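>>> Structure for the following, please:
(one chain, ligands or ions: 1)
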Amino acid sequence: MTVTCKLPILNPNQLTYNSQLFLWDPTEPVATRPLAWNRDGEIAYYTHDGNKNVSEVVAENCGVEAHYEYAPFGAIMAQRGDCAVANPWRFSSEYAEEDTATVYYNYRHYNVLGGRWLSRDLIEEIGGVNLYMAFSNGDKIDEKGLRDTPEMANCKKVLDKIWTSEAKQAFKKSAAKGCQPPDVNCACCNDEKEKGRTERTNRSANGNSSAITLCAGANSDIAGYRSTLKHELQHAKDACEFKKNKLTCEEAAASEVRAYSVSSCTNLSGDAKSACVKNGAKESLRKFGPCAGENISGIVDSAYDANK
Ligand SMILES: [Zn+2]
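Numbering: from 1, shown residues only. Okay, here's the model as predicted:
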C-alpha cells in the first residue's frame with residue numbers, strides 16, 4: 001500500500017479531502033502525533049501511550065486494526081492487526097521504515113535494536129561528543145539503583161543540620177555518667193508493622209548504645225524530624241542512665257513523660273501541655289511499652305506529677 005502523507009494538517013476539515021490523509025494533533029505544533037487516518041474515505045483513529053508512541057489504530061466500527069508494544073528503546077515487541085504493517089507511524093509517532101526496521105526522524109534514521117542513530121549528527125558536536133547517541137541517561141533513571149529517594153535525601157540533609165546540636169544538648173549533663181549519644185541514621189521504614197512510624201530505635205542490653213533510625217518521609221519538615229530526634233534522644237539518655245535495656249513500666253512511663261515534654265508537646269503550656277504529654281505517653285506505652293496488664297493511665301499520671 002502506498003501512503004501519501006500531507007504534513008501537517010492543522011485544519012480538521014482537511015481530513016476527508018484526499019485518499020490518504022493524516023490528521024496531526026494541532027495542539028502540538030512541534031513533535032506532534034497522528035490523531036486520525038483517512039484511508040480512501042475510511043477513517044481510523046490513533047491511540048498513544050504516555051511516551052507518544054502509537055499503541056493502536058482503531059477503526060470507526062471500533063475494531064482494532066493495529067496494535068503495537070515497544071521495548072524501552074523502540075524495538076517492537078508485539079504487533080498485530082490488519083493495518084499494523086500499513087500504518088507508517090509507530091514508535092515516538094515517527095515514520096517506521098518497514099524494510100530496515102528503523103525509525104525515520106526526518107534528518108536521520110534511528111536503529112531501534114541498537115538504540116542509536118545510523119548516521120552522524122548533522123549539527124556535529126553541538127549536540128554532544130557522541131555523534132551517534134540517541135538517548136542520554138538523564139536524572140530520571142537511577143542506573144545503579146543506589147541513589148537516595150527524595151524522602152531519604154531530605155531526611156539525611158535534615159539530620160546533618162540538627163544531629164550535632166540536638167545530641168550535644170540532650171547529653172550535656174549525661175557525659176559525666178558515661179552516657180554518649182547513640183548513632184542516628186535515616187532509613188526507609190517499609191515493613192508492614194512500621195507503617196506510620198516516625199522512627200525505630202534499638203537499645204542494647206546495657207542501654208548505653210541505642211541506635212536511632214529516623215524513618216525517611218515520615219516527617220515533612222525539619223521541625224517534625226527535630227521533634228522525633230529529641231524524643232528518641234531523651235529515651236536513649238534515660239536508658240543509659242537507668243543502666244538497663246528493659247525498663248519497668250514505671251521507668252518507661254517516666255521516660256515517655258520526659259520525651260514528650262521535650263518533643264511534640266514542648267511548645268505548649270499549662271493544661272494543654274499536661275494533656276499532650278500524658279496522652280502521648282499513654283498512647284506510646286499502650287503500643288510499645290512494658291506495661292501489659294498494668295494501670296497505664298494511673299502510672300503515667302503519677303510519672304507526670306513526679307517529673308513536671
Ligand atoms: Zn517514646
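
>>> What distance do you get for Tyr260 to the ion?
From Tyr260 over to the ion the distance is 7 Å, taken as C-beta to the ion, to the nearest Å. Yep, even glycine has a C-beta here, placed from its N, CA and C like the rest.

>>> actually Arg80, not the one I wrote
Distance, Arg80 to the ion, by C-beta to the ion: 60 Å.

>>> can you check Tyr304 too?
Distance from Tyr304 to the ion, counting by C-beta to the ion: 14 Å.

>>> so that residue makes contact with Lys273?
No - using C-beta atoms under 8 Å, Tyr304 is not in contact with Lys273; the gap is 10.1 Å.

>>> Which one's more surrounded, those two?
Taking neighbours as other C-beta atoms under 10 Å, Tyr304 and Lys273 compare with Tyr304 leading, 20 against 16.

>>> out of everything not next to it in sequence, what's closest to that one?
Val257 (5.2 Å; C-beta to C-beta, 6 or more residues apart in numbering).

>>> Secondary structure element for that neighbour, which one?
helix 249-262 (DSSP states H and E).

>>> Which residues belonging to the next helix or strand after that helix are considered buried?
Using DSSP H and E, the helix or strand that follows helix 249-262 towards the C-terminus is helix 270-288. When burial is assessed from 16 or more other C-beta atoms under 10 Å, helix 270-288 yields the following buried residues: 273-274, 276-278, 280-282, 284-285.

>>> Equivalent analysis for stretch 217-236, please.
Per 16+ other C-beta under 10 Å, stretch 217-236 contains these buried residues: 217-219, 225-236.

>>> quick revisit: share the number of residues neighbouring the residue nearest to Tyr304, please.
27.

>>> How about the contacts made by the residue nearest to Pro181 when sequence neighbours are not counted?
Spatial nearest neighbour of Pro181, chain neighbours left out: Ala167 (3.8 Å); criterion: C-beta to C-beta, 6+ apart. Residues in contact with Ala167 (C-beta atoms under 8 Å, 6 or more residues apart in numbering) are 181, 184, 233.

>>> Does the ion have contacts with stretch 264-283?
No - remark: stretch 264-283 sits outside contact range of the ion, by C-beta under 5 Å from the ion, the gap being at least 7.6 Å.

>>> can you list contacts of that stretch?
With C-beta under 8 Å, 6+ apart as the test, stretch 264-283 has contacts from 227, 230-231, 253, 256-257, 259-261, 296-297, 300-301, 303-304, 308.

>>> Can you pull the phi and psi angles for the most centrally placed residue in the chain?
In the chain, the residue lying closest to the centroid (C-alpha atoms, centre = their mean) is Thr149, at 6.1 Å. Dihedral angles of Thr149 (phi, psi; degrees, to the nearest 10) stand at phi -70, psi 160.
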